[in-house]
Each structure stands twice: as C-alpha cells, then as structure tokens.
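Novice: next comes the sequence, and after it the predicted model I'd like to discuss.
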Amino acid sequence: ARDCAFFFSLSMSDVECYCVNSMFFSVRYNSSVLQLEGVNSQSNFVRFKDCGNGMVSAIISVENGTGFRGGNIGTLRFKALESGTSDITPISFEYTGSGDGEEPTVTFVNGVVTVAPSTEVQISPTVSEIAKGETVALQATPAGGTWQGEGVSGTTFNSATAGVGTHTLTYVVAPNGETC
C-alpha cells in the first residue's frame, strides 16, 4: 500500500529560542482510509502513539529548561488502506515551559489526504533479450508516467548505454493524477 506523509512543525513566532519542559498534542484521522504505519521523525525527542479509533497522540519532551528552535520537527506517516479522503484534524495541544516570547504553537501543514484507487499499468514491449547496441521504444498505459533505469532516456531504452547484463526498468505513474 502507498504511504501518505502528514507534516507538522513547531513555530516560535520570532522567538530565537524557547525553553520547554514538555508538549502534548493529539490529532484525529479517518481510520477506514489511513492507518498509522510508523514514524519518520526529524527529531529524536518526538514520540507518537497510535491510540486506535483514528486517534494519534504525540509527546515532545525535552530536559527541563532545554531550549530549541522552530522548524519542521516531525512527520506522521500513514499507510493507505483504501481509496477515499481523510481529514487530519488537531484535537488538543498542551505544553509546559517558559520563554522570552510567545508560546510555541504546532502548525499542521496538510489537513486532508486523498487516496486515489490503484492504477493498473500495461507495459510494452515485454522482451527478455535485446542485442547489444539495440534501442527499444518503451510504451505504457496510462500515459503520463516516467521510465527509470539504466539505459533509459525518456521513453527509449538503449542497450549500449545500459551495458551487458540484466537491467530492471520501472514505469512510475501517479494514480488518477494524485500523488498519494
């Protein structure tokens, strides 16, 4: 199944450094469309917990009085269970700490994830051997995707460029124009 990333960030609102003891927030998502698969956190002090029933909680805890700066600090990564639209909504946000300026806020960049149905791809030609120096025009439906692999340039495979051996060619196309 495809992965869908949902980003959040911590903004300091013109504060150079904010001293925080701990933060907690929770979000709700549509559990029939998405399932929390894992964490791709950009900071080692962010921990996520899948609470079930379409709820995710996150705890950001640092040592007492430790300061840190704003920016993107983590990613929620979901697995697409089926096609459909899932709203991801912040439910609550609490923090303990003190600083020289405004309180830190959690900003949710993406609030809606649309999962498109899988796209079946037809590829031609399906040859297993090509003579050295031969080129092959690559075709696939639906159109609009990109070919990748050694010896591929646009929609042409050049065996001289790829060299002798076995090569895997990949056709990548987004389902119905969607990226997730």
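Specialist: Nice, thanks for sending it over.

Novice: what's the neighbour count on the residue nearest to Asn53 when sequence neighbours are not counted?
Specialist: With Cβ to Cβ, 6 or more residues apart in numbering as the criterion, Asn53 has its nearest non-adjacent residue at 6.6 Å, and that residue is Ser31. Heads up, the C-betas are built off the backbone N, CA and C, glycines and all. Residues lying near Ser31 (other Cβ atoms under 10 Å) number 16.

Novice: before we move on, what about Tyr29?
Specialist: 22.

Novice: what residues are up against it?
Specialist: 6, 36, 54-56, 78, 86-89, 113 (Cβ atoms under 8 Å, 6 or more residues apart in numbering).

Novice: got a winner among those residues for most neighbours?
Specialist: Counting neighbours by other Cβ under 10 Å, the top entry in these is Phe78, with 26 neighbours.

Novice: which strand or helix spans that residue?
Specialist: strand 71-80 (DSSP states H and E).

Novice: from Ile91, how far off is Met23?
Specialist: Remark: distance between Met23 and Ile91 (Cβ to Cβ, to the nearest Å) = 14 Å.

Novice: in a helix, that's where Ala160 is, yeah?
Specialist: Yes: assessed by DSSP: H, G, I helix; E, B strand; the rest coil, Ala160 belongs to a helix.

Novice: count the neighbours of it for me.
Specialist: 12.

Novice: now it. Nearest residue, chain neighbours left out?
Specialist: In space, Ala160 is closest to Gly133, 4.7 Å off (Cβ to Cβ, 6+ apart).

Novice: ditto for Ala131
Specialist: In space, Ala131 is closest to Ser159, 6.9 Å off (Cβ to Cβ, 6+ apart).

Novice: go on, Gln122?
Specialist: Thr141 (4.8 Å).

Novice: surely that neighbour is in contact with Thr119?
Specialist: No: judged on Cβ atoms under 8 Å, Thr141 makes no contact with Thr119 at a distance of 9.7 Å.

Novice: ok, back up a step: got the phi/psi numbers for the residue nearest to Gln122?
Specialist: phi -130, psi 140 (degrees, to the nearest 10).

Novice: and Ala116, how far from Ser31?
Specialist: Counting by Cβ to Cβ - Ala116 and Ser31 are separated by 19 Å.
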